[in-house]
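Undergrad: next comes the sequence, and after it the predicted model I'd like to discuss.
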Amino acid sequence: MVDGTYQPKVYRKQGGNELVVASGGAITVEPGGSINIITPRGAIYFVDNSVTASGVGTSWTTAFKTITEAVAVAVAGDTILIRNDGTTANQYNEAVTVAVKGLSIIGAGTTTNQALWTAPDTTAPCLTIAAATDCVVENIRFRPPVANAAISLTGASNQAVIRNCRFQGKTGSKYGILTDGGQSNAHILDNEFWYINTATGAYAIYGQTYTSEPAGWIVEGNKFHSNLNHIVCRMRQSIVRNNTLAAAGLAADGSTSATLTVLGLDIHGATGGCNIVTRNDLAGLYHQAHYYGGTNDQWSGNYCADRSHGTQVDATTGISIIAPTAQASTNAYAAITGGDIDARMWKSLGITIAVITNNIKWTVYGANASDFSDEQVVQVEATVAAAATGTYVTAQSVYAYYRIKIVDASGGSHGTVTMNAIQKGGV
């Protein structure tokens, strides 16, 4: 006979997954069994600089007034929510250093990037993540201070995540994100970088002064516009994809400048390389905005324009063609005018010369400096007879720049030469 009045002491609450232990009930764990209790990921602290005075920071009504106060009490795994009214009059003006791992600082508000943060000019970055792993920065509008950065990554701040932020320069802003090269596996995702263009050598993302490049970075889904330089950050074994890099933009005086961007994307380095660069919109002619890869990089599937002033790019084959006008040799070596080749973003290179009249001698040079001040011979001097051709081919361009020089095969017997160079397999 069933007792209809019996009520179990341990039961699942109706309409949910909550298990209730009623008065008089108990949960017994038999030998070999266990109970896993999952606790929340740290505490949540609240910061609102519109409050009259700081509270204990555990709710919006008891919020801290400054980010510095919240960081001072936070421990690994905590989250700090910050908000203000989004006006420059009420922006946060603090230089904050985070040295505990797993800390998240997230902007709150009724609109995207409403929380506005700058720092005292020339003093320090808005936020320095100092050898603290797994930190997250999200949904904040930064205004980088004069001669400094919005965010500085120092030491082993590995697995840092910076996403959905807007880095908006003001007069004298130097860097959006600055790295000393000590971080691996940083994720820079879905941010916007604008107007970082008034300081000498201003950069949206910068890291060039270290000896060992950061590895395993992912730079994805970001928009770069009206910056003097977009990404100048030596790296290795990293991924740069789905970013939009504009060449033209608004200059400091508000006018439109077609040559605002000096460097669009420069990730080459002394020990770097093996990066993957794909599906980016690399705008602008390449003699205006430079795109400079690392050793053994894989650049493919990017959208780009013609890469140098004397170059044609076939829309179907992707082959870049250089064909300067015919030139006569002299009794001293001279480079073919208009025949300098910028091979930085191309994998394979082929050069052919055709001699029309009189024998000539030719030599092929490679260099890493654009002025060829460090040029080296890559194909030794060879004679090409009249009505014959000479060819130089490399499947993997070792140097950034190439050119050829010609000279009379015999004194006073000037030969006339035409040149064609093709490049393929890069962007």
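TA: Received, thanks.

Undergrad: where does this protein dip in pLDDT?
TA: 1-7, 9-18, 36-41, 251-254, 257-260, 270-272, 284-290, 305-321, 344-347, 423-427 (pLDDT under 70).

Undergrad: pick out the residue nearest the middle of it.
TA: Centroid check for the chain by CA atoms, centre = their mean gives I231 as the closest residue, at 4.6 Å.

Undergrad: and the helix or strand where that one lies, what other elements does it pack with?
TA: Using DSSP states H and E, I231 falls within strand 229-233. Secondary-structure packing of strand 229-233 (3 or more CB pairs under 8 Å, 6 or more residues apart in numbering; DSSP states H and E): strand 203-207, strand 263-266. Backbone N, C-alpha and C define where each C-beta goes, glycine included.

Undergrad: which of those is buried the deepest?
TA: Highest mean neighbour count of those: strand 203-207, a mean of 28 (counted as mean count of other CB atoms under 10 Å).

Undergrad: packing partners for that strand?
TA: On a contact count with 3+ CB pairs under 8 Å, 6+ apart, strand 203-207 meets strand 175-179, strand 229-233.

Undergrad: centre of the chain to the first one, how far?
TA: Looking back up the chat, that one is strand 175-179. Its chain's C-alpha centre and that of strand 175-179 lie 10 Å apart, by CA atoms, centre = their mean, to the nearest Å.

Undergrad: what's in contact with the helix or strand A70 falls within?
TA: If you go by DSSP H and E, A70 is part of helix 67-73. Residues outside helix 67-73 that contact it (CB atoms under 8 Å, 6 or more residues apart in numbering) are 45-47, 54, 57, 64, 80, 82, 92, 94, 96-98, 103, 105, 117.

Undergrad: tell me which two of the residues you listed sit farthest apart.
TA: Comparing all pairs in the contacts of helix 67-73 by CB to CB, the longest separation belongs to F46 and T97, at 20.2 Å.

Undergrad: who's more crowded, these two?
TA: In this view F46 and T97 are compared by other CB atoms under 10 Å, and F46 has more residues nearby, 22 against 15.

Undergrad: pretty sure T118 sits against R141.
TA: No. Using CB atoms under 8 Å, T118 is not in contact with R141, being 9.5 Å away.

Undergrad: quick revisit: can you give me the buried ones in the helix holding A70?
TA: Neighbour counts using 16 or more other CB atoms under 10 Å place 67, 69-71 of helix 67-73 among the buried residues.

Undergrad: can you list the residues you listed in TSV and add distance to Q376?
TA: Converted to TSV, these look like this (distance: CB to CB, whole Å):
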residue	distance to Q376
I67	53
E69	59
A70	56
V71	52
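
Undergrad: related to what we said a few turns ago, and the next helix or strand past the strand holding I231?
TA: Next in line after strand 229-233, if elements are assigned by DSSP H and E, sits strand 239-241.

Undergrad: who does that following strand pair up with?
TA: Neighbouring strands of strand 239-241 in its sheet, by DSSP bridges, are strand 218-220 (parallel), strand 276-278 (parallel).

Undergrad: what about the first one, distance to the chain center?
TA: Looking back up the chat, that one is strand 218-220. Computed by CA atoms, centre = their mean, the chain-centroid distance of strand 218-220 equals 7 Å.

Undergrad: residues touching that strand, excluding its own?
TA: For strand 218-220, the surrounding residues in contact (CB under 8 Å, 6+ apart) are 185-190, 205, 231, 238-243.

Undergrad: kindly report the domain assignment for the protein.
TA: Split into domains by automatic domain parsing, the chain comes to 44-305, 320-424.

Undergrad: redo the ones you listed as CSV? Include distance to V29.
TA: CSV is the format used below for those (distance: least, CB to CB, whole Å):
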stretch, distance to V29
domain 44-305, 28
domain 320-424, 63
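
Undergrad: point out the most buried one among those.
TA: Ranked by mean neighbour count under mean count of other CB under 10 Å, the domains of the chain are led by domain 44-305, which reaches a mean of 20.

Undergrad: still on that earlier bit, then the helix holding A70 to PDB, C-alphas only?
TA: Presented in PDB, the C-alpha positions along helix 67-73 are these (Å, rounded to 0.1, in the frame of the first residue of the first chain):
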ATOM      1  CA  ILE A  67      39.700  51.300 -11.000                       C
ATOM      2  CA  THR A  68      42.900  51.500  -8.900                       C
ATOM      3  CA  GLU A  69      40.900  50.700  -5.700                       C
ATOM      4  CA  ALA A  70      39.300  47.600  -7.300                       C
ATOM      5  CA  VAL A  71      42.600  46.300  -8.600                       C
ATOM      6  CA  ALA A  72      44.100  46.700  -5.100                       C
ATOM      7  CA  VAL A  73      41.700  44.200  -3.600                       C
END
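
Undergrad: and the strands in the stretch 1-150 of the chain?
TA: Ranges of strands in the stretch 1-150 of the chain, per DSSP state E, counting those that start in this stretch, are 10-12, 19-21, 44-48, 79-83, 92-93, 96-98, 104-107, 116-118, 127-130, 136-138, 141-142, 149-154.

Undergrad: centre of the chain to the next helix or strand after the longest one, how far?
TA: Yep, that's strand 149-154 we're talking about. Remark: after strand 149-154, the chain's next helix or strand is strand 161-163, criterion DSSP H and E. Averaging C-alpha positions (CA atoms, centre = their mean) puts strand 161-163 12 Å from its chain's average.
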